[in-house]
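[1] Dropping the sequence and predicted coords here.
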Amino acid sequence: MRRGLVAVAVLTAVAVAGCDDGPRPDLVVEGTPPATPYSGPLAVPTRQLDESTPRAVRLASGAAGRALECDGEIFDGSGPDGWGRSEGGATPEEGLARYFDMVQPEQPDHGYRVERAERDRVLYSYDVDGRTKVAVVVAKDQRDRPGWGPETNASCDPAELPESFTATTDWEIWTDRAGRRVPVTRLHSSTGPEHCGWQSAGFLALGDRTYARDPEGVLERDGLLRAPYRAKVRMPADARDTGYRHRDRRLWLTADRTTAYVRTPAGVEAWPRLTQGAGCA
């Protein structure tokens with residue numbers, strides 16, 4: 001269950017070490033214990049809801065979701081997932097490695113710390129400034145799943161992860177007027193997916209609206225834009241600077257928000273909205 005994704009963008013999963021090579025040496029590090037370590041149960045029943053709200057993610061992610069220390073809402077998480085009888089690990093660390101092998105999440109694949117260890121469960125956390133931003137609970141000998149493997153997992157918004165990591169993903173993290181990273185559930189951009197032939201395009205998701213940059217007309221050709229993309233326009237008199245920045249781009253909006261005006265060193269671009277439900281197979 002993943003929240004805040006642009007429907008037309010396919011985000012690249014981080015590369016992880018394969019099962020045959022064993023866990024990478026820096027998968028688990030000693031780290032520094034957080035000021036307030038998670039003290040709740042590691043075995044928490046999970047529940048699946050047919051929605052993608054923060055509440056649904058928390059219910060689906062069990063103890064891992066409870067262990068997070070997010071600045072905002074929980075972003076992603078899930079509960080037990082099956083694996084074959086021969087896929088469990090011999091140690092908790094191998095169980096954590098199986099999580100990356102099987103799920104291939106868009107999360108850091110090294111630098112985890114043991115936050116809690118029990119006889120049949122271990123909580124691993126990825127911390128930023130002493131606060132847990134990714135949590136994975138691995139369990140031993142679950143039903144029909146011998147050995148160690150992932151039980152629950154959860155993560156905070158990608159904007160709460162280090163820039164050194166998000167720079168390796170397709171997430172384009174914007175900042176606000178004060179230079180703070182903006183949650184991707186509020187605003188983010190990405191390059192178009194190559195498998196759709198849209199790699200020349202760009203997408204900007206702002207709340208429930210998605211705008212697009214289409215310099216080669218690939219989206220307009222497929223009938224996905226509500227208006228043509230314009231590479232050079234005059235900034236409307238009623239447009240206001242949102243304060244949002246990504247590198248040399250500055251986002252301006254008018255009150256009706258029908259078009260995103262992006263100021264660059266070369267001028268002002270007009271990014272139209274996508275048609276409803278735009279996407280590719």
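    Good, I have the coordinates.
[2] can you give me the strands for the stretch 1-150 of the chain?
    Secondary structure of the stretch 1-150 of the chain, counting by DSSP state E, counting those that start in this stretch: strands at 74-78, 113-117, 121-128, 131-142, 145-156.
[3] Quick check: phi and psi on the closest residue to residue 250 other than its chain neighbours?
    Among residues not flanking residue 250 along the chain, residue 263 sits closest, at 4.2 Å (Cβ to Cβ, 6 or more residues apart in numbering). The C-beta positions use only the backbone N, C-alpha and C, and glycine is treated the same way. Main-chain torsions, residue 263, degrees, to the nearest 10: phi -90, psi 130.
[4] just residue 129 next, same as before
    When read as degrees, to the nearest 10, the backbone of residue 129 gives phi 50, psi 40.
[5] So for the longest helix along the chain, mean pLDDT?
    Secondary structure of the chain per DSSP state H: the longest helix is helix 54-67. The average pLDDT for helix 54-67 rounds to 97.
[6] How far off centre is that helix?
    For helix 54-67, the separation from the chain centroid amounts to 15 Å (computed by Cα atoms, centre = their mean, to the nearest Å).
[7] So for it, what gets flagged as buried?
    Going by neighbour count (16 or more other Cβ atoms under 10 Å), the buried part of helix 54-67 is 54, 56-67.
[8] Pull the residues that contact it.
    For helix 54-67, contacts defined as Cβ atoms under 8 Å, 6 or more residues apart in numbering pick out 1, 3, 38, 40-49, 73-79, 115, 123, 125, 132, 135-137, 151-154.
[9] Please convert the buried members of these into ChimeraX selection syntax.
    ChimeraX command restricting the contacts of helix 54-67 to the buried ones, with burial defined by 16+ other Cβ under 10 Å:
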select :1,3,38,42,44,46,73,74,75,76,77,78,79,115,123,125,132,135,136,137,151,152,153,154
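[10] okay, the angle between the longest helix of the chain and strand 121-128?
    100 degrees (axes from the mean of the first three to the mean of the last three Cα atoms, to 10 degrees).
[11] can you list the strands of the stretch 1-150 of the chain in a markdown table and add distance to residue 173 and mean pLDDT?
    Listed next are the strands of the stretch 1-150 of the chain as a markdown table, based on distance: least, Cβ to Cβ, whole Å; pLDDT from 0 to 100:
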| stretch | distance to residue 173 | mean pLDDT |
| --- | --- | --- |
| strand 74-78 | 13 | 96 |
| strand 113-117 | 24 | 95 |
| strand 121-128 | 14 | 97 |
| strand 131-142 | 14 | 94 |
| strand 145-156 | 13 | 93 |
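[12] Of all those strands, which one is nearest residue 254?
    When the strands of the stretch 1-150 of the chain are compared by Cβ to Cβ, strand 74-78 sits nearest residue 254, at 29.7 Å.
[13] ok so, going back, which among the buried residues of helix 54-67 gets closest to residue 168?
    Nearest to residue 168 out of the buried residues of helix 54-67 is residue 64 (Cβ to Cβ; 22.8 Å).
[14] gap between that closest one and residue 80?
    Noted for residue 64: a distance of 11 Å to residue 80, by Cβ to Cβ, to the nearest Å.
[15] what do these two both touch?
    151, 152.
[16] about what we covered before: give me every residue that touches the residue nearest to residue 250.
    Counted by Cβ under 8 Å, 6+ apart, residue 263 has contacts 235, 249, 250, 251, 252, 269.
[17] Centre of the chain to the one helix or strand the last one maps to, how far?
    With elements taken from DSSP states H and E, the one containing residue 269 is strand 267-272. Its chain's C-alpha centre lies 27 Å from the corresponding centre of strand 267-272 when counted by Cα atoms, centre = their mean.
[18] From the contact counts, what lies against that strand?
    Using 3 or more Cβ pairs under 8 Å, 6 or more residues apart in numbering; DSSP states H and E, the elements in contact with strand 267-272 are strand 209-213, strand 259-264.
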